[in-house]
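[1] 3D model of this:
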Amino acid sequence: MGFAYLGLGNYNRALKYNFEALKIVREIDDKDGETYALQGIGTAYFKLKDYKNAATFLNKGVLLAKEIGGLEMMKQSYEVLVSLDSAQGNHKDALAQYKLFITYRDSIENTENTK
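    From the prediction side, this is the model:
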C-alpha cells in the first residue's frame, strides 16, 4: 500500500503504510521486506522535501540491502539518493551516488543477461 500511495503522490499516506509495514516485517524478521519499507519511507520523505529523514531511511535501507545482498534495492535506493543529493546541491555526492547506481544497475542487467 505504501508504494501504491507513493505512485499516487499521496506521500503522507505512503509514510503511514510504509511505517506500518516496517513494524510488521521487523516482527517477522523479514530483512528483504524491511529494505523495501525503509526505501519507501525514505522516498516519501524525499518527495515531502524532508531531506534529513529521507537520507536517514535511504541509507539504512542501503546498509541492510548490502547485508543481505539485495542488488535491486541498492539500485533503487541509490537512484533516489542521487536525486536527494542533487536537490540539496551536493553535486559531488550526487555523482558518487550515481556511479553506485550505475554499478548496481549494470550488475543486475549482467546477471539477467547471463541467465
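
[2] all strands of the protein, in order?
    In the chain, no strands are defined using DSSP state E.

[3] and the longest helix for it?
    helix 91-114 (DSSP state H).

[4] quick one: list the elements packing against that one.
    helix 71-87 (3 or more CB pairs under 8 Å, 6 or more residues apart in numbering; DSSP states H and E). To be clear about C-beta, it is placed using only N, CA and C from the backbone, and glycine gets the same treatment.

[5] show me the contact partners of the helix it packs on.
    Residues outside helix 71-87 that contact it (CB atoms under 8 Å, 6 or more residues apart in numbering): 32, 35-36, 39, 42-43, 46, 49, 51, 54-55, 58-59, 61-62, 65-66, 91, 93-94, 97-98, 100-101, 104-105, 107-108, 111.

[6] any weak-confidence spans in this structure?
    Within the chain, the ranges that satisfy pLDDT under 70 run 113.

[7] centre of the chain to the longest helix of the chain, how far?
    The chain centre lies 14 Å from the centre of helix 91-114; the measure is CA atoms, centre = their mean, to the nearest Å.

[8] hey, C-alpha coordinates of that helix in PDB?
    What follows is helix 91-114, C-alpha atoms only, in PDB (Å, rounded to 0.1, in the frame of the first residue of the first chain):
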ATOM      1  CA  HIS A  91      26.700  17.600  -6.800                       C
ATOM      2  CA  LYS A  92      29.900  15.700  -5.800                       C
ATOM      3  CA  ASP A  93      27.900  13.300  -3.600                       C
ATOM      4  CA  ALA A  94      25.200  13.000  -6.300                       C
ATOM      5  CA  LEU A  95      27.900  11.900  -8.800                       C
ATOM      6  CA  ALA A  96      29.300   9.400  -6.300                       C
ATOM      7  CA  GLN A  97      25.700   8.000  -5.700                       C
ATOM      8  CA  TYR A  98      25.100   8.000  -9.500                       C
ATOM      9  CA  LYS A  99      28.200   5.800 -10.000                       C
ATOM     10  CA  LEU A 100      27.000   3.400  -7.400                       C
ATOM     11  CA  PHE A 101      23.500   3.300  -9.000                       C
ATOM     12  CA  ILE A 102      25.100   2.500 -12.400                       C
ATOM     13  CA  THR A 103      27.200  -0.200 -10.800                       C
ATOM     14  CA  TYR A 104      24.300  -2.000  -9.300                       C
ATOM     15  CA  ARG A 105      22.100  -1.400 -12.400                       C
ATOM     16  CA  ASP A 106      24.700  -3.000 -14.600                       C
ATOM     17  CA  SER A 107      25.300  -5.800 -12.200                       C
ATOM     18  CA  ILE A 108      21.600  -6.700 -12.300                       C
ATOM     19  CA  GLU A 109      21.500  -6.400 -16.100                       C
ATOM     20  CA  ASN A 110      24.600  -8.600 -16.500                       C
ATOM     21  CA  THR A 111      23.100 -11.300 -14.100                       C
ATOM     22  CA  GLU A 112      19.900 -11.300 -16.100                       C
ATOM     23  CA  ASN A 113      21.700 -11.500 -19.400                       C
ATOM     24  CA  THR A 114      23.800 -14.400 -18.100                       C
END
